[in-house]
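A.B. asks: Give me the fold of what follows.
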Amino acid sequence: MNRNDFWKQFEGAPQIDCVKMKHDIQAQIYEEIKDLSTAERIAYFQRGSEEFRREMAQRKALAGELVLREEPPTYDEKKP
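C.D. replies: Coordinates of the predicted model:
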């Protein structure tokens, strides 16, 4: 099976057009900032960055702390 055949076995998600979504978001942002000065544009993106950080902190708090194993599992040992 060559590389192209491998990907043909998976169905795509036709209801989602990622490129169109990206272009739509970029157009929306452009409309919001097109008349802003450089300083106002910097403030716009800083506000967005702060909002993103707050949202990620909230999600982390809701999810709780990650629990990590102290020792990695050993796969080469045979179980009794």
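
A.B. asks: With just CA atoms, put stretch 48-63 into PDB.
C.D. replies: Provided in PDB are the C-alpha atoms of stretch 48-63 (Å, rounded to 0.1, in the frame of the first residue of the first chain):
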ATOM      1  CA  GLY A  48      -7.100  38.600  22.500                       C
ATOM      2  CA  SER A  49      -4.000  37.000  24.000                       C
ATOM      3  CA  GLU A  50      -5.000  37.800  27.600                       C
ATOM      4  CA  GLU A  51      -8.500  36.400  26.900                       C
ATOM      5  CA  PHE A  52      -7.000  33.200  25.500                       C
ATOM      6  CA  ARG A  53      -4.800  32.800  28.600                       C
ATOM      7  CA  ARG A  54      -7.700  33.400  31.000                       C
ATOM      8  CA  GLU A  55      -9.800  30.800  29.100                       C
ATOM      9  CA  MET A  56      -6.900  28.200  29.200                       C
ATOM     10  CA  ALA A  57      -6.400  28.800  32.900                       C
ATOM     11  CA  GLN A  58     -10.100  28.300  33.600                       C
ATOM     12  CA  ARG A  59     -10.100  25.000  31.500                       C
ATOM     13  CA  LYS A  60      -7.000  23.800  33.400                       C
ATOM     14  CA  ALA A  61      -8.700  24.600  36.700                       C
ATOM     15  CA  LEU A  62     -11.800  22.700  35.700                       C
ATOM     16  CA  ALA A  63      -9.800  19.700  34.500                       C
END
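
A.B. asks: If you count neighbours, what's buried in the top helix by length along the chain?
C.D. replies: The single longest helix within the chain, with elements called by DSSP state H, is helix 38-63. Across helix 38-63, burial judged by 16 or more other Cβ atoms under 10 Å covers no residue at all. Where C-beta positions appear, they are placed from N, C-alpha and C, glycine not excepted.

A.B. asks: tell me how far it is from the chain's mean position?
C.D. replies: 14 Å (Cα atoms, centre = their mean, to the nearest Å).
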